[in-house]
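In: Provide a 3D model corresponding to the input given below.
(chains A and B)
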Amino acid sequence: MEENKEIIQVQGISKKFGEIQALQEISFSVKEGEIFGFLGPNGAGKTTTIKILSGLVKPASGLAFVNGFNVISDPVRAKESVGVVPESSNLYAELTARENLIYMAQLYGVPKKEWESRSEELLREFNLFDRAHTKFQGFSRGMKRRLTIAAALVHRPRILFLDEPTTGLDVMSARGLRGIVKKLKEKGVTIFLTTHLIGEAEELCDRVAIIVKGQIRVIDTPMVLKMKVQDTEVIEIKMQPMPATITKEMEAIPGVEKVTIVEDRLRLYGKTLHESIGSIISHLDQGGRKIFSIQTLTPTLEDAFVKLTGVDAEVMRIDKPVKMGGIN
Amino acid sequence: MRLDWRRAYYIARKDLQAYYLKPPLISWGLMLPLVFLLAFYLRNPEGISEVSPGLLGMTILFSTTSMAAIVITFEKRIDALERLLLAPLSLRTILLGKGLGAAFFGLAMGLIALIFIIFIFGLSVSYPFSLFVSLVLSCFTFSFLGILISVGVREVFEAMTLANFFRFPMIFLCGVFIPLASMPLSLQIVGYFLPLTYAVDAFRQSLLSAGGLLNRWLDILILAGFCLFLFSAAVAVFKKRTQE
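Out: Residues are numbered from 1 along each chain as shown, chains lettered A, B, ... in the order given. Okay, the predicted model is just below:
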């Protein structure tokens, strides 16, 4: 495998849907064999980017190349080397797991003699072999997701697009799926994934592009992004009660630059936060609030995200409604 | 990119496997034409030969457009159509596959209607070859009409309502029950712009050896023109919609 070959190249892509500017001249490249993450809140332009790169939507301007093929002028050739796992698990409800995989093999031009063996291989790999003859509509959400990924790999693509792969999954299914993604990388598949889950991006991605309102704010490895906020001190306070005005109250204290609420904890950011700790505690004491714990934190990718985008981390935790699909 | 007939066939086969038992298809595509066929026979067994070509045309029209509408709207609703668009296939291949599935279904329904007409109603076929060609062409033409109708809607009932907006007027304007020549000139002109007119005319001549509006091969040629036009229109509209 050639080192550092850019297998996806995007130059100045813009896209508008009516009055909404979905993407504003975004540019980036993805290296062969890496997991590249698109991290941003819902509506940031992540899915639009995948739709453009997979030839579903034409951009208003700009260029995009996938595996050397121009996705705008030659989308069919570009699609041959790509597998796409959309946000909704959209295989055919009336077909069994095996039938779905064979149908995908037919559509992607897999030689006939390989249909059976390839579908069996994927069913085994994704722990679905014993459910090969179960109809897709009878699967749990996690199994549907696994089969949808298997279907995207039927033609052995060099690049896999994963749109919000763990959205709507329970903790165990999501963990299992992240394991699958890591194994695919080990096999040399280049993975482009979108997520609004900062922890997921930090765990899986070699590099992350942070996208907000159709613009890429920064692209780097999670490690470098975290280093960008190394000069920022973070203090987390567990307390009760947590009034709605608390963030404004805290931000009024000199030295506190940003405040976020994570569940029942208050997270404060600032370059000289250690100098303000006395003022913070006395302010909370005056308000009759009960402090359970105070701790300093090592900056995480979430901290980097908050600092670089100004977007509250809580916004990122809001899941998109999961499409239920299904045929009546 | 050129049409890929093999992959279009795979799409058609999957559609038939997945959708032929859907309730809206059974009621609109199978029961309605057969009920019409039986109702006309029971009302006037001697006069059935006169309306048989029209009933055959109606059977094909309802079965193909229903199948096309159901396939497109169901798949749009569950995002399965997006899956097809992600595959390395041209839009023409995808829509040919969708049309092929609906045309197969319509042909099967047409053959059932023909079995009734020949073996139960006792009619003979005067020109089997032209009947077969006109049947196949009609099936494709109405399938592409069904696809075109379904492009802009998302729910099956919307597609069926919109399809009926075209199908029911066609029953009265295309010589299914009332000969075109006996209608006012303004309606005759409208009838000449509708494909069912030429399908019914070709069926009438092929089944009954009766005189028609045009030579039956000219009917078939015009049907072929409608088929190409509706296919091209469906591809163009679909392309525009998917890029939005």
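In: Please confirm that A:Leu266 is located within a strand.
Out: Yes. Applying DSSP: H, G, I helix; E, B strand; the rest coil, one finds A:Leu266 inside a strand.
In: Just the element for the closest residue to it other than its chain neighbours, please.
Out: Nearest non-adjacent residue to A:Leu266, counting by Cβ to Cβ, 6 or more residues apart in numbering or on different chains: A:Ile237, 4.6 Å away. All C-beta spots, glycine's among them, are computed from the backbone N, C-alpha and C. For A:Ile237, the host element (DSSP states H and E) is strand A:233-240.
In: Could you list every helix and strand in contact with that strand?
Out: Packing partners of strand A:233-240 (3 or more Cβ pairs under 8 Å, 6 or more residues apart in numbering or on different chains; DSSP states H and E): strand A:265-270, helix A:273-286, strand A:290-297.
In: at 10 Å instead, please
Out: Judged by 3 or more Cβ pairs under 10 Å, 6 or more residues apart in numbering or on different chains; DSSP states H and E, strand A:233-240 is in contact with helix A:246-251, strand A:258-262, strand A:265-270, helix A:273-286, strand A:290-297, helix A:301-309.
In: now the helix-or-strand element of chain B with minimal mean pLDDT: how far from the chain's centre is it?
Out: Least confident helix or strand of chain B, by mean pLDDT, DSSP states H and E, is helix B:23-25 with a mean of 76. Offset of helix B:23-25 from its chain centre (Cα atoms, centre = their mean, to the nearest Å): 16 Å.
In: Please apply the same query to stretch A:262-278.
Out: 28 Å.
In: what about dumping the CA coordinates of that stretch to PDB?
Out: Provided in PDB are the C-alpha atoms of stretch A:262-278 (Å, rounded to 0.1, in the frame of the first residue of the first chain):
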ATOM      1  CA  VAL A 262     -22.500  18.100  31.600                       C
ATOM      2  CA  GLU A 263     -25.300  16.200  33.300                       C
ATOM      3  CA  ASP A 264     -25.200  17.300  37.000                       C
ATOM      4  CA  ARG A 265     -21.700  18.800  36.700                       C
ATOM      5  CA  LEU A 266     -20.500  22.200  35.900                       C
ATOM      6  CA  ARG A 267     -17.500  22.500  33.600                       C
ATOM      7  CA  LEU A 268     -15.400  25.700  33.700                       C
ATOM      8  CA  TYR A 269     -12.700  26.700  31.200                       C
ATOM      9  CA  GLY A 270     -10.100  29.400  31.500                       C
ATOM     10  CA  LYS A 271      -6.400  30.000  31.100                       C
ATOM     11  CA  THR A 272      -5.900  31.100  34.800                       C
ATOM     12  CA  LEU A 273      -8.700  29.200  36.400                       C
ATOM     13  CA  HIS A 274      -6.600  28.200  39.400                       C
ATOM     14  CA  GLU A 275      -6.500  31.900  40.400                       C
ATOM     15  CA  SER A 276     -10.300  32.200  40.400                       C
ATOM     16  CA  ILE A 277     -11.100  29.000  42.300                       C
ATOM     17  CA  GLY A 278     -11.700  30.900  45.600                       C
END
